[in-house]
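Trainee: what follows is a predicted structure for the sequence shown.
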Amino acid sequence: MTLVERCEAFFAKRFPRAGIPVFDDTEEVPVTRGSSWRESFDGHAPLYMGNTFTRNTIAEVDFLLEELDVAQGGRILDIGCGTGRHAIELAKRGSQVVGVDLSAEMLTEARKAAAKAGVVVQWVHADATRFVSRDAFDAAICLCEGAFSLLDIDDDPMEHDLAILRNIHSALKSGGSFVLTTLNRYAKIRQFTQEDVESGRFDPLTLIETYTMEYDSPGDKKKVLVRERG
Ligand SMILES: C[S@@+](CC[C@H](N)C(=O)[O-])C[C@H]1O[C@@H](n2cnc3c(N)ncnc32)[C@H](O)[C@@H]1O
């Protein structure tokens with residue numbers, strides 16, 4: 001058995017699909033969880049592409065295409081696609097892309113950008129912890145905290161992130177590739193003090209930070225209580 005086959009057997013055993021709703025890419029998946037992240041991304045969506053970290057998309061997609069090793073015309077799933085910066089660039093280079101996001105407003109920006117770029121991407125409004133595709137993908141990406149580690153107030157951190165990984169795994173063809181970026185947990189540990197632990201801002205056991213995030217929305221600054229895992 002190859003290493004890939006062993007990993008697939010491991011995931012199939014530990015995370016069976018039974019009981020998990022399976023959604024078609026063309027359906028709107030009801031987003032029922034009361035997410036503070038959804039609220040903040042909805043509000044911030046029109047300004048998102050002004051963030052400096054969005055400026056290296058072309059170089060990031062060069063890297064992704066090398067790493068994912070997907071043939072021209074291959075199918076790629078972008079989880080937590082946001083305004084679609086990677087999905088659209090991948091589509092420009094010939095991939096068939098499905099972008100999934102919790103925020104309807106981020107997807108509105110994505111649709112506008114895809115139309116401007118003259119490419120077709122399939123956008124799905126769904127929660128990555130619940131989205132399971134019927135289609136099989138050659139590759140998947142989940143970048144820049146695209147769902148992974150962005151927790152609702154009452155989410156179990158392990159269950160949340162494992163559900164996302166399980167759903168991505170189910171969507172991939174056998175041997176399909178996956179690129180995930182996540183926060184550096186050691187950086188979080190270095191960042192916080194004993195005072196932060198005592199005040200409840202940082203939990204060193206789960207590596208979760210709970211804080212009030214201020215974000216820009218058009219003409220306004222807003223605040224929302226969020227949880228984020230390192
Ligand atoms: C920082 S943005 C990253 C967007 C994009 N991947 C990028 O690199 O620009 C995080 C995105 O994840 C989405 N997101 C957060 N939680 C999610 C969830 N549970 N399911 C789907 N998308 C989620 C947010 O709505 C937001 O668009």
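Mentor: Ah, there it is.

Trainee: what residues does this structure put near the ligand?
Mentor: Applying C-beta under 6 Å from any ligand atom, one finds that the chain approaches the ligand through 37, 41, 54, 80-82, 85, 100-103, 106, 127-129, 143-147, 150. Using the backbone N, CA and C atoms, a C-beta is placed for each residue, glycine as well.

Trainee: and residue 155, which of the three is it?
Mentor: coil (DSSP: H, G, I helix; E, B strand; the rest coil).

Trainee: and it, what does it touch?
Mentor: By C-beta atoms under 8 Å, 6 or more residues apart in numbering, the residues touching residue 155 are residue 227.

Trainee: from residue 107, how far off is it?
Mentor: To residue 107, residue 155 is 22 Å away according to C-beta to C-beta, to the nearest Å.

Trainee: can you check residue 196 too?
Mentor: Taking C-beta to C-beta, one finds residue 196 at 35 Å from residue 107.

Trainee: neighbour count winner among the two?
Mentor: Each of residue 196 and residue 107 has its neighbours counted (other C-beta atoms under 10 Å); residue 107 has more, 24 against 15.

Trainee: could you confirm the more buried one falls within a strand?
Mentor: No: Residue 107: not assigned to a strand; according to three-state DSSP it is helix.

Trainee: got a list of what it touches?
Mentor: So residue 107 contacts 81, 84, 99, 101, 123, 125 (C-beta under 8 Å, 6+ apart).

Trainee: all helices for this protein, in order.
Mentor: Assigned by DSSP state H, the helices in the chain fall at 3-14, 36-44, 57-68, 85-92, 104-117, 157-171, 185-191, 194-199.

Trainee: how about the contacts made by the residue of the chain found nearest the ligand?
Mentor: Proximity of the chain to the ligand (C-beta to the nearest ligand atom) peaks at residue 82, 2.6 Å away. The contact partners of residue 82, by C-beta under 8 Å, 6+ apart, come to 41, 48, 101, 103, 106, 110, 144, 146.

Trainee: tell me, how many residues neighbour the first one?
Mentor: Residue 41 has 24 neighbouring residues, counting by other C-beta under 10 Å.

Trainee: tell me the spacing between the nearest residue to it once chain neighbours are set aside and residue 131.
Mentor: Once flanking residues are discounted, residue 41 sits nearest to residue 103: 3.8 Å by C-beta to C-beta, 6 or more residues apart in numbering. Using C-beta to C-beta, we find residue 103 at a distance of 14 Å from residue 131.

Trainee: looking at the two, which one has more neighbours?
Mentor: Neighbour totals were compared for residue 103 and residue 131, and residue 131 leads with 29 against 26 (other C-beta under 10 Å).

Trainee: quick check: the more buried one vs residue 62, distance?
Mentor: Computed as C-beta to C-beta, the residue 131 to residue 62 distance reads 27 Å.

Trainee: quick revisit: I figured the residue nearest to residue 41 hits residue 46, correct?
Mentor: No: applying C-beta atoms under 8 Å, one finds residue 103 not in contact with residue 46, separated by 11.6 Å.
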